[in-house]
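**Student:** here is a sequence with its predicted model. Questions after.
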Amino acid sequence: MDRRRFIRNSAAAAVSASLYTSQAMAAALQALMQVTSDVNAVTGDGAQTVLEKAAVQELSDSLRGNLLLTGTDGYDLARRVLNRSIDKYPAMIVQPSGVADIQNAVVFARERGLLVAVKCGGHSFSGKSTCDGGMQIDLSRFRHVRVDESRKIAHVAGGSLLGEIDHECMAHGLVTTAGTVSHTGVGGLTLGGGFGRVGRRFGLALDNVKGVDIVTADGQLRRANAEENPDLYWGVRGGGGNFGIVTSFDFSVHEMQRDVVGGNVIWPIAAAPDVLKFYADFCEKAPDDLYLDFIMFSPPGNADPVVIIHACYSGPNDKAEAVLAPLTNFGTPLVNQIRTIDYVELQRSGDDSDPRTGGQYMKSGFADGISDDLVASLTEGFEPHNDRTTVSFFQHSGGQIGRVPSDATAFAHRWASHSVFTTVAWEPNVDRDPHVKYVRSYWDEVEPSTRGFYTNEVSDESQQILNSNYEGNFERLLGIKNEYDPTNLFRLNANIRSG
């Protein structure tokens, strides 16, 4: 063997050995998986179809990321979402490592009319981010955040989690609205609205989107902002995942100190009516830099249920005591946990207590103020139970969110002062039916005091209700849907189509 060939082969072997232990090599090996048989699948309209082995192999070979089929390593983990009562089995799972992989997957699915689910953080209560028999596009390997401090823009890959945005932005003393649970996916949260602890100050997450890159149903990568494809830019900000898969978001970020003042004040559940009335009054007077949640919480077992007001004050620290005094002085709480806290830590504070790691069912709506009827229906219908976690809560809206015209983006519910939620969660071995029945009955009493619902929490609503929920923006959204996704490839969402 000549010297040059020996060096070349030795170097190649060394590089191969080094890469073999890396995640990059593991992903590459998975992408080169050999497909051994045809794959049974379903189309978007529910028809059975067969995907030929050679076509599936060709898709696998085209990817730098993973193609997972039933029985392959990683398949069972990837198909799961946080709501454990959702137990679905996609025919295939694509885990893209870049935009080209997403385009290849979308073209493959479109040409065969496959049912498509897109998973980012997996927080969809109703399981819209997975499916039986279709293609799941799992963005969990497509995460990255880069902050341009000089331009005050955060460039965020479409599979990123909110905690990654908070972490990178706050390293520069910057922030954007990014939910309240850090392991939520940026795509699902932002495209439907995007509430959060600084939303009253800086607007919804979608209000901070200055542009997106999006793979539409034809497999093309498009730029959408105020100058390029402005109709698509308008539609993705509130139209959910109806138009394609966003591969990159550009968010405006804002200067904010890292330390905020926040936490929980907790009372016994018997105080719930009085606390809720106080909460309603306190919210009306709150400045934009004060965010408030009201929560009634009952864990399973024999633990006592409680009522909570959660606060985040992001204004000047020397004004925090005066702003929060009505809350800290109200009633006789069991505990007052309000303190100066790192904003990123506060954003993570609900992660471990997020009940969506079990089975869960939710109903939600928007409220314009908190009426006496809403106080009565919510507090009187709240029923603790030994076999479930029961939670009813308000998220605080208004402020800057409400100053944006309802037709400026596709998100129409600018009038709302609060989002209202009722949820139950249960362990996987518990019968779900009585708990779901309870929430539906409970919501029947609460719903007359609400209007519409948060599209990110869509569950089993009829097409007529889905359409009406977009209010005056529906007809424009329908036109955009027909232009960019005429075959309704992206249908597992608050779907936009004619009734």
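**Tutor:** Thanks, I have the structure now.
**Student:** okay, now the domains of the chain?
**Tutor:** Split into domains by automatic domain parsing, the chain comes to 1-27, 32-141, 145-255+463-484, 259-457.
**Student:** residue 492: which of these is closest?
**Tutor:** domain 32-141 (4.4 Å; Cβ to Cβ). Where you see a C-beta, it was placed from the backbone N, CA and C, and this is true even at glycine.
**Student:** now do that closest one, average pLDDT.
**Tutor:** When pLDDT is averaged over domain 32-141, the result is 94.
**Student:** starting at the chain centroid, how far to it?
**Tutor:** On the basis of Cα atoms, centre = their mean, to the nearest Å, domain 32-141 sits 19 Å off its chain's mean C-alpha point.
**Student:** helices of the stretch 251-400 of the chain, start to end?
**Tutor:** Along the stretch 251-400 of the chain, the segments classed as helices by DSSP state H, counting those that start in this stretch run 272-285, 320-328, 343-348, 372-380.
**Student:** what is the neighbour count of residue 270?
**Tutor:** A count of nearby residues for residue 270, using other Cβ atoms under 10 Å, gives 11.
**Student:** repeat for residue 171
**Tutor:** Counted with other Cβ under 10 Å, residue 171 comes out at 12.
**Student:** which residues does the residue nearest to it when sequence neighbours are not counted form beta bridges with?
**Tutor:** Closest residue to residue 171 apart from its sequence neighbours, by Cβ to Cβ, 6 or more residues apart in numbering: residue 147 at 7.5 Å. For residue 147, the beta-bridge partners are residue 154 (DSSP bridges).
**Student:** start the count at 570 instead of 1 going forward.
**Tutor:** OK, 570 is where the count begins now, so the last one is residue 716.
**Student:** now residue 716: how far from residue 914?
**Tutor:** Note on residue 716: its distance to residue 914, by Cβ to Cβ, to the nearest Å, is 19 Å.
**Student:** please identify which of the two sits among more neighbours.
**Tutor:** Using other Cβ under 10 Å as the criterion, residue 716 and residue 914 rank with residue 716 on top: 21 against 14.
**Student:** these two touch, right, the more buried one and residue 738?
**Tutor:** Yes: applying Cβ atoms under 8 Å as the test, residue 716 and residue 738 come out as touching, 5.7 Å apart.
**Student:** which neighbours do the two share?
**Tutor:** Shared contacts of residue 716 and residue 738 (Cβ atoms under 8 Å, 6 or more residues apart in numbering): 723, 822.
**Student:** thinking again about what came up before, among the domains of the chain, which gets the worst mean confidence?
**Tutor:** When these are compared by mean pLDDT, domain 570-596 comes last with a mean of 41.
**Student:** so which of the helices of the stretch 820-969 of the chain is nearest residue 665?
**Tutor:** Nearest to residue 665 among those is helix 912-917; the distance by Cβ to Cβ comes to 26.8 Å.
**Student:** for residue 817, helix, strand, or coil?
**Tutor:** Following DSSP: H, G, I helix; E, B strand; the rest coil, residue 817 is assigned to strand.
**Student:** residues contacting it?
**Tutor:** 724-727, 781-782.
**Student:** by neighbours, which of those residues wins?
**Tutor:** Most neighbours among the contacts of residue 817, by other Cβ under 10 Å: residue 725, with 30 neighbours.
**Student:** that one - that's part of a strand, no?
**Tutor:** Yes: using three-state DSSP, the assignment for residue 725 is a strand.
**Student:** with adjacent residues omitted, what lies nearest to it?
**Tutor:** In space, and not counting its chain neighbours, residue 725 is closest to residue 818: 4.5 Å by Cβ to Cβ, 6+ apart.
**Student:** was I right about that neighbour contacting residue 758?
**Tutor:** No: contact criterion Cβ under 8 Å: residue 818 and residue 758 do not qualify, at 10.5 Å.
**Student:** all helices for the stretch 570-719 of the chain, in order.
**Tutor:** Under DSSP H, counting those that start in this stretch, the stretch 570-719 of the chain gives helices at 572-589, 592-600, 622-631, 644-648, 668-681.
**Student:** one step back: and residue 818 and residue 758? which has more neighbours close in?
**Tutor:** More crowded of residue 818 and residue 758, by other Cβ under 10 Å: residue 818, with 29 against 26.
**Student:** any idea how far that one is from residue 756?
**Tutor:** 8 Å.
**Student:** beta-bridge partners for the closest residue to residue 852 other than its chain neighbours, please?
**Tutor:** Leaving aside its chain neighbours, residue 852 sits nearest to residue 861 (5.7 Å; criterion: Cβ to Cβ, 6+ apart). Residues in a beta bridge with residue 861, per DSSP bridges, are residue 880.
**Student:** which residues touch residue 861?
**Tutor:** By Cβ under 8 Å, 6+ apart, the contact set of residue 861 is 848, 851-852, 855, 878-880, 896, 965.
**Student:** kindly report the same for residue 846.
**Tutor:** Contact partners of residue 846, counting by Cβ under 8 Å, 6+ apart, are 939, 944.
**Student:** state the distance from it to residue 1021.
**Tutor:** When residue 846 is compared with residue 1021 (using Cβ to Cβ), they lie 24 Å apart.
**Student:** ok, residue 966 next?
**Tutor:** Residue 966 is 12 Å from residue 1021, where distance means Cβ to Cβ.
**Student:** quick check: neighbours shared by these two?
**Tutor:** 935, 985.
**Student:** mind checking which of those two has more residues around it?
**Tutor:** When residue 966 is set against residue 1021 and neighbours are counted by other Cβ under 10 Å, the residue ahead is residue 966, at 25 against 19.
**Student:** quick check: residue 732 touching residue 916?
**Tutor:** Yes: with contact defined as Cβ under 8 Å, residue 732 reaches residue 916; the gap is 6.8 Å.
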